[in-house]
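Colleague: When you get a sec, could you give me coordinates for this:
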Amino acid sequence: MNICIIPARGGSKRIPKKNIKSFCGKPLIVYSIETAKKSNLFEKTVVSTDSEEIAEISKKYGAQILYRPKELSDDYTSSVDVFEHAINKLNKEKKYKYACMIYPTAPFLEVKYLKEGFEKLKNSDVCYSFSATTYDFPIWRGFEINHDKAKMFFPEFMEKRSQDLKEAFHDAGQFYWKKINCTEKFKFDGNIPIIIPRYLAQDIDTIEDFIRAEMMYKAYCDYKN
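Modeller: Model prediction:
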């Protein structure tokens, strides 16, 4: 059986109470809980948190709660550490084969991509699958600014046409599937990326991101209807 873990601490700094901030009419974390439950992939959907407020809202929408210790609730704790803590705790109660971490800030996540991640992982010899998307501009044309002047990272690609450059990808920050019996720490290399369209991928780290994500979400809902 599979288990879903949603890591959601209460002390977000750049967007206060980000995980439960109202996003297009409901708390942001609710989108992740609802998608996990709708997928029918999980025996349990568990929110790992240090916040009573997040716990109350999550319970109301059908998630179970795992309170995490203080040492896993500061600004320096990685989501991977929280994921591993939850797996170790929950796997003592019952042996699960697969675990999926869904971020609480993934309102664009769709069931079909969760299922694709699970199926591809299950039928592979690797430890992880994860959501990814494409850069919207060739990274090979990127540059830094040094003393008010541009300096390309890869000047050898200056004369190349964009259609001749390799497509590049990055983490979409929506979910990670793991085979629980794997001891290897998560890394991109050698694991399976599940490609999400760019219009369904938006990091939500700042207020600017949040506003952009709401605008994208409303536009996507209008497009679907």
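
Colleague: And Lys18, how far from Tyr220?
Modeller: 20 Å (C-beta to C-beta, to the nearest Å). In short, each C-beta sits where N, CA and C put it, glycine included.

Colleague: same question, Leu72
Modeller: 34 Å.

Colleague: okay, Lys18 and Tyr220: which has more neighbours?
Modeller: Lys18 (24 against 14; other C-beta atoms under 10 Å).

Colleague: What pLDDT does the model give the residue nearest to that one when sequence neighbours are not counted?
Modeller: Leaving aside its sequence neighbours, Lys18 sits nearest to Ser12 (C-beta to C-beta, 6 or more residues apart in numbering; 4.1 Å). pLDDT for Ser12: 82.

Colleague: Count the residues that sit near Ser12.
Modeller: 18.

Colleague: Shouldn't it be within a strand?
Modeller: No. Counting by DSSP: H, G, I helix; E, B strand; the rest coil, Ser12 is not found in a strand; it is coil.

Colleague: Check whether it really touches Ile20, as I assumed.
Modeller: No. Using C-beta atoms under 8 Å as the test, Ser12 is too far from Ile20 to be in contact (9.7 Å).

Colleague: And the most centrally placed residue in the chain, how far from Lys151?
Modeller: Central residue check for the chain by C-alpha atoms, centre = their mean: the C-alpha nearest the mean position is that of Gln174, 2.4 Å away. Per C-beta to C-beta, Gln174 is found 33 Å from Lys151.

Colleague: Averaged pLDDT, the helix or strand hosting Lys120. What do you get?
Modeller: Under the criterion of DSSP states H and E, Lys120 resides in helix 111-122. Here helix 111-122 scores 98 as its mean pLDDT.

Colleague: now for that helix, which elements pack on it?
Modeller: On a contact count with 3 or more C-beta pairs under 8 Å, 6 or more residues apart in numbering; DSSP states H and E, helix 111-122 meets helix 28-39, strand 98-102, strand 128-134, strand 169-179, strand 192-195.

Colleague: Just the CA trace of the shortest one, in PDB.
Modeller: Read that as strand 192-195. These are the backbone C-alpha positions of strand 192-195, laid out as PDB (Å, rounded to 0.1, in the frame of the first residue of the first chain):
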ATOM      1  CA  ILE A 192      12.500   9.500 -13.200                       C
ATOM      2  CA  PRO A 193      11.100  13.000 -14.000                       C
ATOM      3  CA  ILE A 194       7.400  13.300 -14.700                       C
ATOM      4  CA  ILE A 195       7.000  16.200 -17.000                       C
END
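
Colleague: Tell me the buried residues in the helix or strand following that strand?
Modeller: Sequence order places helix 207-224 as the next helix or strand after strand 192-195, per DSSP H and E. Buried residues in helix 207-224, counting neighbours by 16 or more other C-beta atoms under 10 Å, are found at Asp209, Phe210, Ala213, Glu214, Met216, Tyr217.

Colleague: Packing partners of helix 207-224?
Modeller: strand 22-23.

Colleague: List the contacts of Ile102.
Modeller: Neighbouring residues of Ile102 by C-beta atoms under 8 Å, 6 or more residues apart in numbering: Cys4, Ile5, Ile6, Ser32, Thr35, Ala36, Leu109, Leu114, Gln174, Phe175.
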